[in-house]
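A.B. asks: missing the sequence, but the structure's below:
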């Protein structure tokens, strides 16, 4: 295997390839020289085991045209070796995508920029840890999850804007405009200080989603320093009051460049924002959110899910160019959303799942004049239908057949639809859905009434469907629903809707959904060990398998599923007590792409699982091990013999980063 490039190659994509090893970088050597290098044993002897090459000793061909390289999810490739090679081979490199490299420490970012001075876009994404403090109840953890408090710049006034690297005076120390550090738990406030002070005076795009080791003070420091920022992703972090203050504070270096009559918000960083994603950040108060939104005039993408968002903040929002809005799991009402939609006719994506207030008529309960605020939930969908051309919508409470019909003009080009708890489409709504949304690619339905005829109709008419999820619905479906070929379907979730599924039904699925890469089955109690053979033979290219409460699939161990070598995500829970003690380390060593494992102690053959050492984790990012306790239902008058059923007790989480393994016990079943 060789990497073949020409003088005209602009982009090199090696992502998700387990065959890519450092030795293959010899392909970038002159052909005659590479043989000589091997003969002279320039490759160190340990490379047989560790795949290590000292790239500094090798002369490498130069490809001036290459500007973009993607080496994401290459488990056998050492990122530092690759960088040493690429900085010589690709002197014009501007974009480096290197997701899922846990071993790469963020403090080495500085040397990366020195080696590749023209880099302007770096993506070092890893899986976001399930240990988000705001989402789980932590019983114990080692080491502790609370981020270290930043003593330096703990007060915003200690870092005035005039002391920062402004874009007007002074040379730029870096060309970096986009930096993605999503999910990196190893990044700390001190790392952010280096990024802000030395590396990224030109930074425009910053993604810190899921970086739970940085504090509000650390994030605010970056916001104060990087004055050109227009896109901020800080979901599920400690983004809070200090960060809001940093976004809303003025920029002194602009004061002499704008007209005196310009209002204060025009001088703030918030005014220039195009993207603001702070979902899950509960540290921002209602009043602070209102103040922040009142200054985001130019924002196009806004994620405020699971925050303290209320109607007042939406009424203060002055923007008119919003294209993406996520207010899931907040207290906003249809009144306020309708008001916002009226101002933003270019809205393409609305996510409002879990908003219980959407099912209420708040015309007279919010203290406002009901004559001027006559919108109800019905009016919200009427306004969407009149004004917008939606591509994605996620709804729940208050959504009905009438809402769907009202949306008709806006959803002809809809590609993604999610209907969750609180929605009630009914049989007529599900029949009408394929007619109103003929180009749907993703359909996810929760807690709705379904039947074989309804699902059959959806499958027959929505031929572009790529994702189908039927979860916790009322009514059951059988193999009759899947008698038709779905060549485009890539992801299938059947959770608590196919209790009578047998191996024969599973065979039908493999034939008609031949191109699946993601399969989730929950509550299929009739499945047995033979189901493993059917799954592995029918879908050898699966990247994710979730099997829960699925009979006795693993009663004899995990055998055939090990043939799915492309697996990245594996969940086996309540599938039979045959999983061996060394399963985690064994599976990680045999499945090179595997990053996530979820198990249950109930399925352990010997009552427990061995936890791999830090050095033996292979490509693993995290492991979840659920534990149950036995409880007898006091309302069960039939089972008088004292038999008990297992119910969830806690979950053990093992989360790796570049520096350590964190062990935590949480109450939730993750």
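C.D. replies: Thanks, I have the structure now. What you see is a predicted model; the values in this text were computed from it and never measured.
A.B. asks: C-alpha only now, for contacts and for neighbours.
C.D. replies: Will do.
A.B. asks: longest strand of the protein, counting residues only.
C.D. replies: strand 645-656 (DSSP state E).
A.B. asks: mind giving me the packing neighbours of that one?
C.D. replies: strand 622-631, strand 661-666 (3 or more Cα pairs under 8 Å, 6 or more residues apart in numbering; DSSP states H and E).
A.B. asks: what strands line up against it, and which way round?
C.D. replies: Sheet partners assigned to strand 645-656 using DSSP bridges are listed as strand 622-631 (antiparallel), strand 661-666 (antiparallel).
A.B. asks: what's that strand in contact with?
C.D. replies: Residues outside strand 645-656 that contact it (Cα atoms under 8 Å, 6 or more residues apart in numbering): 102, 129, 131, 614, 620-632, 661-670.
A.B. asks: and with 7 Å instead?
C.D. replies: 129, 621-632, 661-670 (Cα atoms under 7 Å, 6 or more residues apart in numbering).
A.B. asks: which parts of it are buried?
C.D. replies: 650-656 (16 or more other Cα atoms under 10 Å).
A.B. asks: JSON lines for the strands paired with strand 645-656, including mean neighbour count?
C.D. replies: What follows is the strands paired with strand 645-656, written out as JSON lines (neighbours: other Cα atoms under 10 Å):
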{"stretch": "strand 622-631", "mean neighbour count": "18"}
{"stretch": "strand 661-666", "mean neighbour count": "19"}
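A.B. asks: okay, those in a markdown table with mean pLDDT and distance to residue 394 next?
C.D. replies: A markdown table is the format used below for those (pLDDT from 0 to 100; distance: least, Cα to Cα, whole Å):
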| stretch | mean pLDDT | distance to residue 394 |
| --- | --- | --- |
| strand 622-631 | 93 | 28 |
| strand 661-666 | 93 | 29 |
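A.B. asks: figure out which of those is closest to residue 285.
C.D. replies: Shortest separation from residue 285 across these is recorded for strand 661-666, at 26.1 Å, computed as Cα to Cα.
A.B. asks: next one: the closest one to chain centre, how far?
C.D. replies: Put simply, strand 661-666 sits 21 Å off its chain's centre (Cα atoms, centre = their mean, to the nearest Å).
A.B. asks: now stretch 532-541
C.D. replies: 26 Å.
A.B. asks: quick one: contacts of it?
C.D. replies: 507, 510, 514, 516-517, 553, 560-561, 563-564, 566.
A.B. asks: which one among these gets closest to residue 402?
C.D. replies: residue 516 (33.8 Å).
A.B. asks: surely the closest one meets residue 489?
C.D. replies: Yes. Residue 516 is in contact with residue 489 according to Cα atoms under 7 Å; the separation is 6.2 Å.
A.B. asks: so which residues of the stretch 151-300 of the chain form helices?
C.D. replies: Remark: helices assigned in the stretch 151-300 of the chain by DSSP state H, counting those that start in this stretch are 189-194, 216-225, 241-248, 269-272, 286-293.
A.B. asks: what comes up buried for the first one?
C.D. replies: By 16+ other Cα under 10 Å, the buried positions in helix 189-194 come out as 189, 191-193.
A.B. asks: now distance to residue 14 and pLDDT too, for the residues you listed, in a markdown table please.
C.D. replies: Formatted as a markdown table, these follow (distance: Cα to Cα, whole Å; pLDDT from 0 to 100):
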| residue | distance to residue 14 | pLDDT |
| --- | --- | --- |
| 189 | 32 | 93 |
| 191 | 29 | 90 |
| 192 | 29 | 91 |
| 193 | 32 | 90 |
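A.B. asks: now the two most distant members of these.
C.D. replies: 189 and 193 (6.2 Å).
A.B. asks: now the strands for the stretch 251-400 of the chain?
C.D. replies: Using DSSP state E, counting those that start in this stretch, the strands of the stretch 251-400 of the chain run over 275-277, 301-303, 324-326, 349-351, 392-395.
A.B. asks: what pLDDT, on average, does the longest one get?
C.D. replies: Which is strand 392-395. Here strand 392-395 scores 98 as its mean pLDDT.
A.B. asks: list the helices and strands it packs on?
C.D. replies: If you count contacts as 3 or more Cα pairs under 7 Å, 6 or more residues apart in numbering; DSSP states H and E, strand 392-395 packs onto strand 349-351, strand 416-419.
A.B. asks: circling back to that earlier point, make CSV out of the helices and strands packed on strand 645-656 and add distance to residue 72.
C.D. replies: Below are the helices and strands packed on strand 645-656 laid out as CSV (distance: least, Cα to Cα, whole Å):
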stretch, distance to residue 72
strand 622-631, 18
strand 661-666, 22
